[in-house]
Structures are given as structure tokens and as C-alpha cells.
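[1] sequence plus predicted model, see below.
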Amino acid sequence: MLPFIKKYTARIKKLFPKKDFDFGLYIQNTSPKIIDAAFPALKQDLILILKRVFKHCLNTRNIDEKKLLENDFNLNLINDCTTIYSNEELRLQYDEIKEIEQLLLVFMSKVRQNINNKFDLDQLDLYQESLSSIVYATKYMKDVHKTI
């Protein structure tokens with residue numbers, strides 16, 4: 001039996017892959033203890049989540065954001081940009097956004113513990129308010145989509 005353990009282990013790993021969500025966040029490679037590195041990482045990740053929210057909001061209205069961008073936001077061609085998205089696809093997008101929000105909030109709380117001046121604290125509060133507003137747009141569009 002021992003010679004087959006390696007093959008058996010490989011087979012089990014293939015059947016049950018580790019589900020580790022890698023969203024490509026800058027904060028995943030940044031220490032919250034280094035404030036000068038944490039703020040640029042937070043800013044980049046806020047831009048990343050904003051792009052995901054933009055995509056999700058358009059997708060809830062059955063608009064493919066890539067086609068819309070290819071048409072230079074020409075609203076006269078909006079009918080060419082329609083794509084039907086399943087509720088499952090929209091739910092997965094929403095879940096990813098909420099997961100990213102959670103990672104950002106945890107990182108922000110760790111950064112807050114290392115801040116020792118008012119200017120940095122105000123900056124962090126601004127980032128936190130921005131995150132809240134960005135994610136609220138997703139929640140709002142999700143609710144609108146459910147009621148339609």
C-alpha cells in the first residue's frame with residue numbers, strides 16, 4: 001500500500017483543490033505596519049474594487065461593460081452591448097466584492113492600530129468612507145435587480 005500513497009495523495013488533491021481566493025490585491029503583499037506602503041496599496045485596491053463594482057452594476061442591467069468600453073460609452077449603441085447574466089453569475093460577482101470588502105476592512109483596522117498622527121488617521125477614514133460608498137452601490141443595484 002505504501003508505494004501508492006503518493007499517487008493517492010495527488011488524486012485527492014486534484015479532486016479537492018484548495019479554494020484560496022486570490023483577488024490580486026496589493027494589500028496581500030503589504031504590511032499594515034508600514035503606513036507609507038499601506039496607503040498606496042489601499043488606494044490601488046479601492047480602484048480595483050471600484051472597477052468590480054462598476055462591472056457588477058452594469059451587469060445587473062444586462063450591459064456588458066467590455067462591449068460598452070469598446071464602443072467608447074456611446075449610449076446610442078447600448079443595444080449592441082446587452083448580454084443576459086444569470087443570477088448565479090451576479091451572485092458570484094457580489095460575493096467577490098463582499099469578500100474583497102472584508103479583506104480591506106481587516107487590513108484597514110490593522111493599519112489603524114499603527115497610526116500615530118491625525119493626518120494619517122483622516123486619510124484612513126476617507127478610504128473607509130470611500131469603501132463603504134463603493135460597496136453600497138453594489139448592494140443597491142443588487143436590491144434593484146431583485147425587485148425588477
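    Looks like it arrived, so ask away.

[2] helices of the chain, residue ranges please.
    5-15, 35-60, 65-70, 87-113, 118-147 (DSSP state H).

[3] let's have those in a markdown table, adding mean pLDDT and mean neighbour count.
    The way it works is simple: take the backbone N, C-alpha and C, and place the C-beta from them, glycine included. Shown next, in a markdown table, are these (pLDDT from 0 to 100; neighbours: other C-beta atoms under 10 Å):
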| stretch | mean pLDDT | mean neighbour count |
| --- | --- | --- |
| helix 5-15 | 68 | 9 |
| helix 35-60 | 92 | 17 |
| helix 65-70 | 77 | 14 |
| helix 87-113 | 93 | 15 |
| helix 118-147 | 90 | 14 |
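
[4] Lys146 and Leu25: what is the separation?
    Separation of Lys146 from Leu25 (C-beta to C-beta, to the nearest Å): 28 Å.

[5] centre of the chain to stretch 61-78, how far?
    Counting by C-alpha atoms, centre = their mean, to the nearest Å, stretch 61-78 is centred 22 Å from the centre of its parent chain.

[6] meant to ask about stretch 119-138, not that
    15 Å.

[7] contacts for it?
    Here stretch 119-138 makes contact (C-beta atoms under 8 Å, 6 or more residues apart in numbering) with 35, 39, 42-43, 46, 49-50, 53, 56-57, 94, 97-98, 101, 104-105, 108, 111-112, 115.
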